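Chemist: Fold the following and give me the result.
(chains A and B)
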Amino acid sequence: MTATSDAPVEKVGVPKGGLVVEDLSVMLTGKDIDVVNDIDLVLKPGEVVGLVGESGSGKTTVGTSLLNYSRAGAYIGSGRVLLEGRDILSMKWQEVRQVRGEEIAYVPQDPASALNPAIRIGKQIVELLELRGIGTKESRLQGARDGLAEVGLPNDDEFLSRYAHQLSGGQVQRVALAMAFLPKPKVLVLDEPTTGLDVTTQAMVLDTMAQLCRTHGVSALYVTHDLAVVANIADRVAVMYAGQIAELGPKEAIFRAPSHPYTRALLDSIPHLSQARALTGIPGRTPAPGARPSGCRFNDRCAYAIDACRKDVPELREVAPDHQVRCIRAGEIGTWDISRGVVPDADPDRKRDIILSIENLNIFYGRKHVVHDVSFDLAKAEVIALVGESGSGKTTISRSVGGLHKDWTGTITFDGDVLAKSARQRDATNRKRLQYIFQNPYLSLNPRLTIEQIVKRPMELFGIASGKEATDRVVELLDQVALGPRMLKYQASRLSGGERQRVAIARALAAEPDVLICDEITSALDVSVQGSIVALLEGLRKQRGISMLFVTHNLALVRSIGSGVQILKAGRVVESGPVVTVMETPKEEYTRNLLSKSPRID
Amino acid sequence: MTDLGTLVASPLEEVAPPRGQHGAAAWALWIARRLGLAVLTLWLVSILVFLATAALGDPIRAILGRDYNANPGRVAELEKLIGSDQSLISRYFDWLGGLVTGDLGTSLASGRPVSELISGPVQNSAMLVFLAAIVMIPLSFIIAMISAHYRRRRPDTIIQTILLAVAGLPEFVIGVLLIALLATTVFKVLPPVTLVTLGGHPWDNWKVMVLPTLTLVLWVSPYVSRIVRASLLEVIDSEYVELARLKGIPESVVMRKHALLNAIVPGIQVIALQLAFLAGGVVVVETLFAYPGIGLQLVDAVRNHDVQVVQALSMIIASVYVVVNLIADLLSILLTPRARTAISS
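Modeler: Got it, this is the predicted structure:
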């Protein structure tokens, strides 16, 4: 696992259990391009290793390689994966199949789509044992029942005979865990198993996983993009960038003394629960395989890069016991402090100049009453966060305020005007001054239009500008959202998620709004992209005095961006007030619980 | 973790338990609704069929031809038989009443009851479609599975090219080519036309059935196997198939249990469409092979202005459409747990 040539197996002393990955590389089929390379990793028995990286870093590729599996279009080029001395990568495929499931198990990213919709879960759990003829019918069934009990699920016949779609997200994820644990594997590969789950559910799944690993002495590779989750469950952390491990070390070292500029930049982009931070992003974007720079793969985005960084690919080198960094300048670039970038919380006693007020909002879906008596207001240059778990009604409220859902009662007053129920009935001025940004930038932009057409549209619609003047303003707006003028003629489908969301923001700004409704606008994005989007919004708020209704499930993000917060549960506000008050001294049990279940790195 | 249940609406309890006692009642309601819709469809079809046949012109003039002016007695007799002194609407309801009670009327051309005239051809056509179906369904699935297994490699490319070429041929071209190949020019092993002894069935001699069946199979299988291949590929790319592989399930079981089970539903729908299509589309094939089925009879009846027979055959073909699609929907729902549980809960 280091540049030295000692046999790593003996060096770390894991004769039994655990897994050793040596010099693994995965290549694109038919091309001399690597997806990941030079991966060395050790999983000790009973240890949870977090493999962290942003999209495109190759973390999932590494995860499935441990089971000698690569997705269509890629193949495992070199390396060894040693399980108790046996190399899985050089085994015959019959042997590999034997190892899969029984010795190394995999927990998929999105179990809702990874469980077969046509097979009852009881049958799916025991399927592997049944095929291998392990145990008797009764013992397998008993095993499934015990496994379900262990992950805190019901285990009666009725539950076993359910299909995946009859379970909630948290239940499905636990079924996947129980299924993976049933054959008593020695190693577990978990691929972002809590993405998309609410914080309380996530906390339960993580607890369950950690407990199972401890009691069964299973080593786990936990693949995720979420540093905060890793901080809570991992023993050691490997940070991946562009197909290589950039930094590897014990959790404490990675979070207290990160030494790679990329690790530091990632940590700088993450919001904390305990303090407001000025979040920053990482300039540029993660290079795709084939487009990676020579030398250090991070050099084109690195603030500390020197000429030598562009020449040779740096080796992983030890900077402290068990702590390795792939950076030639590690140690020269100063120390890092977790409270870097902390800013004072929004002042709860500031003067507020109300622009949008919502009174007694009740929202219905047909006969179903989904939001009950919600009232709050939004001042100029202020960000009010709507926080809650899925189903709490936060998006429903924002859609009603934006006029996208019209089945509601109550009064919404916008700068003196009482707003009509649907956007269609509102006059052009109000529509222009209140803009909506959607959660998923992959769906909210027309992929066939160019960026210029997309951003120009609101200007033409509201008669703000047209022709050459409008194009100049588009360039100006793109510049504000940190996109270059060469983007003008691009179609939206050519952009990355972060770039698309910037275009969506530019489109909203083109209407010169006074209020932005941001509906989970960063939840589909990588943390570093989230950091830069948040920095962008903060700048807009300060310079233009734009107010925002910010819908999110991420409490840490609220701390950094919000000045006021409404905590929602099942369509009702359970607690509200200035962010600092609510988060420092929560009054409601529900808020306290949300705060305690949120993963934190501080 | 333990105190969660009291604090938060626990995510582990948010899903309603499936299937209550009223599952059966919900199913009955569903089936009743679908049957009601089927009856409504057939009723609308009956109006269209009646109007279309009424628009064909005066059947008596067509049947009697030159005799029309020479034989006023016969004209009056026939007019009485079809009730042309009554209004169109009351004739429609007379006819509809007959249909509902199973009385298909009397053929004007031959003077015999329609049910007696069409029972033989209906059986013959049903047999032909049935034979085509039991060959076509497994064949299409096997081709689709082979093709999906070799996706985008040479065997798949070859199969897809052949399927596309065959799908592009009209059925009479397929039939003529088969006749040339197996009956007249190259090999002379099968009869090119259907010869039936009086009172017998065409399938009394199996050789007679081969060419018509083969033509139908070649005509329909390409569509079915292409659709099944596409849905198989989609399923093979799904995450649950990936997980099954990562779980260490043997490839053959992955294909059979995880992939095929989920790919079969689009297959059922396209098979139903094709079968219903066959029921109405055997006309050309039956004419080509002189096969005594409803297709041949329909052609004759239209030529002879035998309105009652045309009406009866049209309604039978429409019913086959409706029934086959109803069965396909039912099967699809039974094979899709999400849809199945949605009905019963």
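Chemist: so how far is chain B from the residue nearest to residue A:601 when sequence neighbours are not counted?
Modeler: In space, not counting the residues next to it along the chain, residue A:601 is nearest to residue A:231; the distance is 4.2 Å by C-beta to C-beta, 6 or more residues apart in numbering or on different chains. C-beta coordinates here come from the backbone N, C-alpha and C atoms, glycine included. In this structure, residue A:231 and chain B are 19 Å apart, going by C-beta to the nearest C-beta, to the nearest Å.
Chemist: Please name the residues that touch residue 188.
Modeler: I'll assume chain A. Residue A:188 sits next to A:104-107, A:180-181, A:213, A:218-221 when contact means C-beta atoms under 8 Å, 6 or more residues apart in numbering or on different chains.
Chemist: Assign a three-state SS to it, would you?
Modeler: When classified by DSSP: H, G, I helix; E, B strand; the rest coil, residue A:188 comes out as strand.
Chemist: Leaving aside the residues adjacent along the chain, what's closest to it?
Modeler: residue A:220 (4.3 Å).
Chemist: hey, what's that neighbour bridged with?
Modeler: On DSSP bridges, the residues paired with residue A:220 through beta bridges are residue A:48, residue A:188.
Chemist: Now do it, the pLDDT please.
Modeler: We note a pLDDT of 93 for residue A:220 in this prediction.
Chemist: in the stretch 51-200 of chain B, what spans have low per-residue confidence?
Modeler: Applying pLDDT under 70 to the stretch 51-200 of chain B picks out residues B:57, B:62-63, B:65-66, B:81-85, B:197-199.
Chemist: go with 80
Modeler: By pLDDT under 80, the low-scoring segments of the stretch 51-200 of chain B are B:54-88, B:108-111, B:188-190, B:192-200.
Chemist: show me where it has helices.
Modeler: B:59-64, B:67-70, B:72-82, B:88-100, B:114-149, B:154-167, B:171-179 (DSSP state H, counting those that start in this stretch).
Chemist: Looking at those helices, spot the one closest to chain A.
Modeler: Of all the helices of the stretch 51-200 of chain B, helix B:114-149 sits nearest to chain A, with 13.1 Å by C-beta to the nearest C-beta.
Chemist: Could you list every helix and strand that the closest one packs against?
Modeler: Contacting helix B:114-149 under the criterion 3 or more C-beta pairs under 8 Å, 6 or more residues apart in numbering or on different chains; DSSP states H and E are the following elements: helix B:154-167, helix B:206-236, helix B:261-289, helix B:294-303, helix B:307-335.
Chemist: so which of those helices gets nearest chain A?
Modeler: Checking the helices and strands packed on helix B:114-149 against chain A by C-beta to the nearest C-beta gives helix B:261-289 as the closest, at 4.7 Å.
Chemist: does any bit of the closest one sit next to chain A?
Modeler: Yes. For helix B:261-289, a contact with chain A is found by C-beta under 8 Å from any C-beta of the partner chain, at B:261-262.
Chemist: pretty sure residue A:301 contacts residue A:283?
Modeler: Yes. Using C-beta atoms under 8 Å, residue A:301 is in contact with residue A:283, at 5.8 Å.
Chemist: circling back to that earlier point, next, the contact list for the residue nearest to residue A:188, please.
Modeler: Counting by C-beta under 8 Å, 6+ apart, residue A:220 touches A:43, A:47-49, A:187-190, A:209, A:213.
Chemist: Residue of the stretch 151-300 of chain B nearest chain A, please.
Modeler: Taking C-beta to the nearest C-beta, chain A has its nearest neighbour within the stretch 151-300 of chain B at residue B:248, 3.3 Å off.
Chemist: Touching, the residue nearest to residue A:601 and residue A:598? I think so.
Modeler: No. Applying C-beta under 8 Å as the test, residue A:231 and residue A:598 come out as separate, 11.5 Å apart.
Chemist: Who has more neighbours out of these two?
Modeler: Ranked by neighbour count (other C-beta atoms under 10 Å in any protein chain shown), residue A:231 and residue A:598 place residue A:231 first, with 21 against 18.
Chemist: Looks to me like that one is in a helix.
Modeler: Yes. Counting by three-state DSSP, residue A:231 is found in a helix.
Chemist: now it: how far from residue A:252?
Modeler: Distance from residue A:231 to residue A:252, counting by C-beta to C-beta, to the nearest Å: 10 Å.
Chemist: Output the below-cut-off pLDDT ranges for the stretch 151-300 of chain A.
Modeler: Applying pLDDT under 80 to the stretch 151-300 of chain A flags residues A:169-170, A:195-197, A:285.
Chemist: For residue A:177, pull up the helix or strand it's in.
Modeler: helix A:169-181 (DSSP states H and E).
Chemist: Need the contact partners of that helix.
Modeler: With contact meaning C-beta under 8 Å, 6+ apart, helix A:169-181 is reached by A:105-108, A:111-112, A:114-115, A:121, A:124-125, A:144, A:147-148, A:150-153, A:164, A:167, A:188, A:193-194, A:196-198, A:201, A:204-205, A:208-209, A:212, A:216, A:218, B:11-12, B:15, B:247.
Chemist: what distance separates it from the middle of the whole chain?
Modeler: Distance, stretch centre to chain centre, for helix A:169-181: 20 Å (C-alpha atoms, centre = their mean, to the nearest Å).
Chemist: likewise stretch A:416-432?
Modeler: 35 Å.
Chemist: Kindly report the same for stretch A:573-584.
Modeler: Distance, centroid of stretch A:573-584 to centroid of chain: 24 Å (C-alpha atoms, centre = their mean).
Chemist: near chain A, which residues of the stretch 151-300 of chain B?
Modeler: Within the stretch 151-300 of chain B, the positions near chain A by C-beta under 8 Å from any C-beta are B:237-240, B:242-250, B:253, B:257-258, B:261-262.
Chemist: Which of those are buried? Put it as a PyMOL command.
Modeler: Restricted to buried positions by 16 or more other C-beta atoms under 10 Å in any protein chain shown, the PyMOL selection for those reads:
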select buried, chain B and resi 238+239+240+242+243+244+245+246+247+248+249+257+258+262
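Chemist: Cross the residues of the stretch 151-300 of chain B next to chain A against helices and list the overlap.
Modeler: Of those, the ones assigned to helices by DSSP state H are B:239-240, B:242-246, B:253, B:261-262.
Chemist: Let's have the residues you listed in CSV, adding pLDDT and distance to residue B:276.
Modeler: Below are these laid out as CSV (pLDDT from 0 to 100; distance: C-beta to C-beta, whole Å):
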residue, pLDDT, distance to residue B:276
B:239, 86, 35
B:240, 89, 32
B:242, 89, 36
B:243, 90, 37
B:244, 91, 35
B:245, 90, 37
B:246, 90, 41
B:253, 88, 34
B:261, 83, 24
B:262, 87, 24
